[in-house]
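Q: build the 3D model from these lines:
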Amino acid sequence: MHVRLWDAEGRPLHCIKSGHLNNIFSVQFLPSGQDKVILSAAGDSSVRMHSFTHSDVPYIWWSGGRVKRLAVTRADPQLFWSAAEDGIIKIKRNKQNFTGIFSGHLPITDASSRNLFRSLSVTHVGFNSLGNELIVNIGGEQIYIFNILERAHEPDALQSLQSLLANPIKNLPDVGEFMGFENTTTDVFKKERERAKIHFNNNEFTDAINTYSRAILKCEKLCGLENFQYL
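A: Have a look, this model is predicted:
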């Protein structure tokens, strides 16, 4: 398995023999490496660090499942994050290995109980534009947002987003508490919900979140309420 570097016009610049034994799913430049250090993650459960200016043997980190995504941030250029199918997100430092964040629904404190619960695969990990929050899809119906700077013990979970609007009337305050609520509100929810479902089915989770957020905002304006009780 090889990692190839290309220029913007599609010309090959460099080819690295990765040493991976299975498909390579993600490649990132390590920010502290001055565009000379490359990270690769693959289906052989390993993350490898390569220098394409030297022929050194790559440094290797191992996971308990196929490693599907890597994420980096210039806010902390020595660190990178990996997401694997064992359901665990790991923080790694240049040539070091330590586990910094776990998905909150996995029983990590008692090793003997791990086989008693259904495990989920991490399918995507990425940073926001500020580099201080990590958004993760755990492969079920949960999307987690980790604030990596505050190092909170638990992530903020956007759980069961699709069910939030499954019954718009049920999730709204009692209609007797305010005047002016019309069926238009329900129609708005239904249309936005269908758009969001399409995004979910296409694994466009950020777009799905944005669509649901717009639906909530529109309903808030239509109902004349400043805040919903369930938010």
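Q: where does residue 12 land on pLDDT?
A: If you check residue 12, the pLDDT there is 86.
Q: that one reaches residue 2, doesn't it?
A: No. The pair residue 12 / residue 2 is not scored as a contact, 10.5 Å apart, by Cβ atoms under 8 Å. The way it works is simple: take the backbone N, C-alpha and C, and place the C-beta from them, glycine included.
Q: pop the domain breakdown of the chain in here.
A: 2-159, 163-223 (automatic domain parsing).
Q: ok, of the ones you listed, where does mean pLDDT dip lowest?
A: domain 163-223 (a mean of 65).
Q: would you mind measuring from residue 136 to residue 3?
A: Taking Cβ to Cβ, to the nearest Å as the measure, residue 136 falls 24 Å from residue 3.
Q: tell me which of the two has more neighbours.
A: residue 136 (24 against 19; other Cβ atoms under 10 Å).
Q: can you pull the contacts of that one?
A: 83, 89, 103, 122, 124, 125, 143, 144, 145, 146, 155 (Cβ atoms under 8 Å, 6 or more residues apart in numbering).
Q: just the buried ones from these?
A: Among the contacts of residue 136, those classed as buried by 16 or more other Cβ atoms under 10 Å are 83, 89, 103, 122, 124, 125, 143, 144, 146, 155.
Q: quick one: classify residue 213 as helix, strand or coil.
A: Three-state assignment for residue 213 (DSSP: H, G, I helix; E, B strand; the rest coil): helix.
Q: what's the burial count for the residue lying closest to residue 4 once chain neighbours are set aside?
A: In space, and not counting its chain neighbours, residue 4 is closest to residue 15: 5.1 Å by Cβ to Cβ, 6 or more residues apart in numbering. Residues lying near residue 15 (other Cβ under 10 Å) number 11.
Q: isn't residue 15 up against residue 3?
A: Yes. With contact defined as Cβ under 8 Å, residue 15 reaches residue 3; the gap is 7.5 Å.
Q: what about residue 67, distance to residue 202?
A: Applying Cβ to Cβ to residue 67 and residue 202 gives a distance of 23 Å.
Q: cool, and residue 47?
A: In terms of Cβ to Cβ, residue 47 sits 27 Å off from residue 202.
Q: again with residue 194
A: 13 Å.
Q: where do the strands sit along the chain?
A: Taking DSSP state E, the strands of the chain run over residues 2-6, 12-17, 24-29, 37-42, 46-51, 59-62, 67-72, 79-84, 89-93, 124-127, 133-137, 142-147, 156-159.
Q: can you redo these as JSON lines with distance to residue 216?
A: Listed next are the strands of the chain as JSON lines, based on distance: least, Cβ to Cβ, whole Å:
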{"stretch": "strand 2-6", "distance to residue 216": "42"}
{"stretch": "strand 12-17", "distance to residue 216": "46"}
{"stretch": "strand 24-29", "distance to residue 216": "33"}
{"stretch": "strand 37-42", "distance to residue 216": "35"}
{"stretch": "strand 46-51", "distance to residue 216": "38"}
{"stretch": "strand 59-62", "distance to residue 216": "40"}
{"stretch": "strand 67-72", "distance to residue 216": "28"}
{"stretch": "strand 79-84", "distance to residue 216": "28"}
{"stretch": "strand 89-93", "distance to residue 216": "28"}
{"stretch": "strand 124-127", "distance to residue 216": "23"}
{"stretch": "strand 133-137", "distance to residue 216": "18"}
{"stretch": "strand 142-147", "distance to residue 216": "16"}
{"stretch": "strand 156-159", "distance to residue 216": "12"}
